[in-house]
Each structure stands twice: as C-alpha cells, then as structure tokens.
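[1] Got a predicted model here, sequence first, then my questions.
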Amino acid sequence: MSFSKYQRLPIIASIVILAAASGCRKNYWPGPDVIDAGALEGAYTETSSGLRYRILRRSSGKRPTPQSKVHVHYRGWLEDETIFNSSYEIGISSAFIVEKTILGWSEGLQYIGEGGMIELVIPSELAYGEKGSPPDIPPNATLRFRIELIHIE
C-alpha cells in the first residue's frame with residue numbers, strides 16, 4: 001500500500017505528537033555557559049598529578065567514585081582552541097564509567113557533584129601521551145575540557 005504525500009502528512013504529524021507526549025522532555029541541565037559568578041576569574045588549582053582544574057558551577061549533589069557510571073555533557077579542545085569533541089554539538093550526553101576514561105577525567109570528575117561543572121587542563125601524560133589519538137588529538141597534546149556532570153547512576 002502506498003500513500004500520497006497528502007495522506008502521509010497526518011500520519012507523520014500523529015507520530016510526532018505521540019512521541020512528544022510519551023517521553024520527549026526538556027533538557028534539565030543548564031548548559032556550558034551557565035557558570036557561577038566569578039568562576040572564570042579564579043586561578044586553576046593544580047593537583048600533585050599535574051592536572052589543573054577550576055570549578056565553574058558548584059553543586060551539593062552526589063559525587064562520583066572511580067566505579068560510578070556518570071552521564072555528562074562536555075566540550076574538549078586543544079591548546080590552539082580547536083574543538084576535537086563535543087557532546088553539545090551532537091546533542092546527546094555521554095555515559096561511561098569514571099575509571100574507564102583518561103586519567104585526567106577520572107581524577108577531575110571526582111571534584112564535582114551532580115549538577116556541577118568543571119574545566120580541566122589535562123597534561124599529555126594524563127591523557128593520550130606520546131601516541132595521541134589520531135586523527136584529532138596529536139602526540140603529547142595538552143587537552144582542555146569543560147564538563148557538566150548531569151547524573152550519577
């Protein structure tokens with residue numbers, strides 16, 4: 001059975017309405033540009049590993065452990081400001097186990113709670129090291145990330 005374009009329009013409209021009514025919902029995270037007043041004015045804190053970070057949005061939410069599964073939105077860029085990956089542009093948050101990420105993320109995510117946001121400056125040895133991650137991340141690259149911790153399972 002085939003439908004004309006005029007017969008398909010009501011069918012498509014019905015599907016869209018049903019999808020919206022049955023589970024599509026507003027994004028409940030503030031976004032990468034909603035930060036605490038004065039957060040960008042503060043200096044980075046450097047840890048003993050060499051990771052540098054600054055808290056951009058404080059949260060009293062639950063903090064992850066290395067074994068936690070987290071849902072995040074993030075943007076990653078190189079020192080020359082080239083963005084190499086961003087869940088914001090894709091429009092879908094990412095989920096993963098904290099300890100299964102690069103060392104800089106594993107350490108940095110534990111400084112914020114659900115609803116918080118952090119900016120990380122990750123030296124090469126806490127990221128992809130001498131090999132890099134071709135084609136987007138060159139060898140010995142320092143990486144920068146802005147990460148929103150949306151949810152911890």
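    Sure, I can see it. Only a predicted model underlies this, so the values are computations on that prediction, with no experimental measurement involved.
[2] Quick check: mean pLDDT of whichever strand or helix holds V72?
    Counting by DSSP states H and E, the element that carries V72 is strand 69-78. Across strand 69-78, the average pLDDT comes to 96.
[3] tell me what that strand is packed against?
    strand 83-86, helix 87-90, strand 94-97, strand 143-152 (3 or more CB pairs under 8 Å, 6 or more residues apart in numbering; DSSP states H and E). Where C-beta positions appear, they are placed from N, C-alpha and C, glycine not excepted.
[4] what's in contact with the first one?
    Read that as strand 83-86. Under the criterion CB atoms under 8 Å, 6 or more residues apart in numbering, residues 74-78, 89, 136-137 lie in contact with strand 83-86.
[5] filter these to the buried ones?
    Among these, the ones that count as buried by 16 or more other CB atoms under 10 Å are 74-76, 137.
[6] so which of those comes closest to A127?
    I137 (7.5 Å; CB to CB).
[7] contacting residues around that closest one?
    By CB under 8 Å, 6+ apart, the contact set of I137 is 78, 84, 127-128, 143.
[8] Of these, which is the nearest to T65?
    Of all the contacts of I137, A127 has the smallest distance to T65: 21.3 Å, by CB to CB.
[9] Do me a favour and get the end-to-end distance for stretch 81-97?
    From its first residue to its last, stretch 81-97 covers 27 Å (CA to CA, to the nearest Å).
[10] in it, what's buried?
    Judged by neighbour count using 16+ other CB under 10 Å, the buried positions of stretch 81-97 are 84-88, 93.
[11] Can you give me the pLDDT of K26?
    The score at K26 is 39. That number is its pLDDT.
[12] Could you pull out the helices in the chain for me?
    Per DSSP state H, the chain carries helices over the ranges 5-21, 87-90, 103-108.
[13] one step back: can you redo the helices and strands packed on strand 69-78 as JSON lines with distance to R54?
    Below are these laid out as JSON lines (distance: least, CB to CB, whole Å):
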{"stretch": "strand 83-86", "distance to R54": "19"}
{"stretch": "helix 87-90", "distance to R54": "19"}
{"stretch": "strand 94-97", "distance to R54": "21"}
{"stretch": "strand 143-152", "distance to R54": "10"}
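[14] Many thanks, I have nothing further to ask.
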